[in-house]
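In: model this:
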Amino acid sequence: MEITAHHGLFKDTNLHVDDTGGPGRPVVLIHGWPLSGESWSEQIPALQAAGYRVVSYDRRGFGRSDKPLTGYTYDTFADDLASVLDGLDLTDVTLVGFSMGGGEVVRFAAKHGTERLRSTVLAAAVPPYLAKTGDNPDGPLTAELAAEMEKGLRSDRDAFFEQFTTDFFSVDGELKVSEEQRREAVALAQQSDQRAALHAMEAFATTDFREDLAALTAVPTLVIHGDGDGTVPFEGSGARTHAALPGSDLHVVAGGPHGINVSHAEEFNRVLLEFLAR
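Out: Next up, the predicted model:
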């Protein structure tokens, strides 16, 4: 189905939504950059089998959603998420945000409140603040590395996605998924609009979620992260988020790369289902 996000400078934006339906408690899955809702293929069947209503959607500019000229900021992404929850009239929701999607979860809670939420999950997520700056010395993303990523995507998109997905699923140079799974990620990345990919990259690299995190103290939160994540390193992201949320649960996937929902799908699903059942 499609849900229209009624905001934006030029026109409404149609977001592609997949909804398993049913009476179960809703779990909304928010994908990472530069993929789509299809990147949750290892989680959706497990969640559905456990009786949950599973909703996933493609971020604006990615996958099967509209690709507008504007709106690639976390305020707009959070408004898009609100449009999905409002459009489906979902309550008692668990939001699961992977990587960039973790930013949507945090900004949504800060901007729209937690009334619709039961709990949240931040998986290999970018908060609290990726950029290494004077007032954020523990940020894992230097200005030089960010500039290098942008240059690579602009100059040779195909080569960039080949290397990015390899790093995404690797630890110390060893690929932790099958080549077929990596190629599937490349195909999803290629569905993204180039403008959207560049602006969304800037958003996740530079958005400061440190104050927003306080909103998550109102609901139970699970932080799950791979200790071998070279894309969003645990020490500069998940560890700091867990410390900022004293009541949060933490699960570290030993030997896990960035894409732990694929490389360690069985462990990821077990931990997620245990958290949901509590």
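
In: alpha carbons only for contacts and neighbour counts from here, please
Out: Noted.

In: which residues of the stretch 1-150 of the chain score low on pLDDT?
Out: Across the stretch 1-150 of the chain, residues meeting the criterion (pLDDT under 70) sit at 2, 6-11.

In: what about the helices in it?
Out: 44-49, 74-88, 100-112, 143-155 (DSSP state H, counting those that start in this stretch).

In: Could you export these as JSON lines, including mean neighbour count and distance to residue 237?
Out: Converted to JSON lines, these look like this (neighbours: other C-alpha atoms under 10 Å; distance: least, C-alpha to C-alpha, whole Å):
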{"stretch": "helix 44-49", "mean neighbour count": "16", "distance to residue 237": "25"}
{"stretch": "helix 74-88", "mean neighbour count": "19", "distance to residue 237": "17"}
{"stretch": "helix 100-112", "mean neighbour count": "25", "distance to residue 237": "11"}
{"stretch": "helix 143-155", "mean neighbour count": "14", "distance to residue 237": "16"}
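
In: who's in contact with residue 60?
Out: By C-alpha atoms under 8 Å, 6 or more residues apart in numbering, residue 60 lies in contact with 13, 14, 15, 66, 67, 68, 72, 77, 196.

In: The first one and residue 216, how far apart?
Out: According to C-alpha to C-alpha, to the nearest Å, residue 13 stands 28 Å off from residue 216.

In: what does the helix or strand where residue 275 lies rub up against?
Out: When elements are defined using DSSP states H and E, residue 275 is found to belong to helix 265-277. Outside helix 265-277, the residues within contact range by C-alpha under 8 Å, 6+ apart are 42, 43, 46, 47, 50, 94, 222, 251, 253, 260, 261.

In: Would you check which pair of those lies furthest apart?
Out: 50 and 253 (22.1 Å; C-alpha to C-alpha).

In: Looking at these two, which one has more neighbours?
Out: residue 253 (17 against 12; other C-alpha atoms under 10 Å).

In: Strands of this structure, start to end?
Out: Along the chain, counting by DSSP state E, strands occupy 2-5, 13-19, 26-30, 53-57, 93-98, 117-123, 170-171, 174-175, 221-226, 249-253.

In: Among these, which comes closest to residue 161?
Out: Here strand 170-171 is closest among the strands of the chain (C-alpha to C-alpha), at 14.0 Å.

In: any idea which residue sits dead centre in this structure?
Out: Nearest to the mean C-alpha position of the chain, by C-alpha atoms, centre = their mean, lies residue 101 at 2.2 Å.

In: And residue 235, how far from residue 129?
Out: 12 Å.

In: More neighbours: the two, which one.
Out: More crowded of residue 235 and residue 129, by other C-alpha under 10 Å: residue 129, with 24 against 15.

In: who has more neighbours, residue 13 and residue 216?
Out: Set residue 13 next to residue 216 and count neighbours by other C-alpha under 10 Å: residue 216 wins out with 24 against 21.

In: Please tabulate the helices of the stretch 1-150 of the chain in TSV, including the columns distance to residue 32.
Out: Written out in TSV, the entries for these read as follows (distance: least, C-alpha to C-alpha, whole Å):
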stretch	distance to residue 32
helix 44-49	15
helix 74-88	12
helix 100-112	5
helix 143-155	16
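
In: Cool, thanks, signing off.
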